[in-house]
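# just a sequence and a predicted model for now, questions to come.
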Amino acid sequence: MSTEPSQDTTAPAQHWRSYGPLTLHPILVHAMDAFNEQGYHGTSVRNIAGRVGVTVPALYYHYENKQALLATLLETSIKDVLDRCRAAAEEAGADPLARFCGMVESIVLYMAHRRSLAFLDTEIRSLEPHNRARYVALRDYLQHMLLDTVEAGRAEGVFTTPIPADAVRAVLVMCQGVANWFRPDGPLTAEEVAERHVLLSLGTVGHPGAVTGDAVPALLRRPAATRDLAPHTAR
């Protein structure tokens, strides 16, 4: 599983809040749908090939096996999250509060707009050891990005949690859970869900303003019409 960009990965976003159509190889799209509907172990290569409308040998021409499909999908997903999270952090600058809010917002927006890909994180148990190690390393990098920001905030007195590593893990679990329940036709937009999760996350890392909402940067308080940079994508 290469770490270099390929035609199978989604096109880079113009802005970390911007989401266009999901651009994956058709085989990956059908594999993703099958894994989400039937689970990895409940899906056969023949089933995926049938969905695509190709023969099994034709599918193997593009991907070595079913494991390669899952590994490619999961790596595509985590790399997109990381790219967007880095972009949000860079845009926020050196202020730990702004960086933390931007990073959490970027993660939640991804989970809402790319639910079909993000939901596949539940199949990490199905990765073979070498693929699992690669994926876990990327996911750990995301966790360390947040932890470094929280530690910087603690040093400045912005965050007060006495257990930063545990707090960051809790934040990530909460944000990743959005992929399980968010629906585009639900009562809240992706942007509104992200704003609420920023508040919840600030409370988790011990920012006093999380109780009143005063901690949310003005950037998150724009009218909904200006926050929604792209239509929701259906899972």
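Sure thing, it's come through.
# who touches stretch 68-77?
1, 3, 8-10, 24, 27-28, 31-32, 35, 40, 48, 63, 114, 117-118, 120-121, 123-124, 126-128, 131, 134-135, 138 (CB atoms under 8 Å, 6 or more residues apart in numbering). Quick note: C-beta positions are derived from backbone N, CA and C, even for glycine.
# out of the residues you listed, which sit inside helices?
27, 28, 31, 32, 35, 48, 117, 118, 131, 134, 135, 138 (DSSP state H).
# list the contacts of the third one.
Under the criterion of CB under 8 Å, 6+ apart, the contact partners of residue 31 comprise 43, 48, 66, 69, 70, 73.
# name the nearest residue to the second one, ignoring sequence neighbours.
Setting aside the residues directly before and after it, residue 48 is nearest to residue 31 in space (CB to CB, 6 or more residues apart in numbering), at 5.0 Å.
# re earlier: out of the ones in helices among the contacts of stretch 68-77, who's the most crowded?
In terms of neighbour count, residue 31 stands highest of those at 29 neighbours, by other CB atoms under 10 Å.
# now it: how far from residue 68?
According to CB to CB, to the nearest Å, residue 31 and residue 68 sit 10 Å apart.
# same thing with residue 22?
For residue 22, the distance to residue 68 - CB to CB - is 19 Å.
# cool, and residue 48?
Taking CB to CB, one finds residue 48 at 12 Å from residue 68.
# same check on residue 169?
Taking CB to CB, one finds residue 169 at 29 Å from residue 68.
# and for residue 180?
From residue 180 across to residue 68, the span is 26 Å (CB to CB).
# of those two, who's got more company?
More neighbours surround residue 68 than the other of residue 180 and residue 68, with 16 against 12 (other CB under 10 Å).
# quick one, helices of the protein?
26-38, 45-52, 56-62, 66-92, 96-113, 115-118, 129-155, 164-176, 178-181, 190-204, 224-227.
# what's the closest of these to residue 15?
Residue 15 sits nearest to helix 66-92 of all the helices of the chain, at 7.6 Å, using CB to CB.
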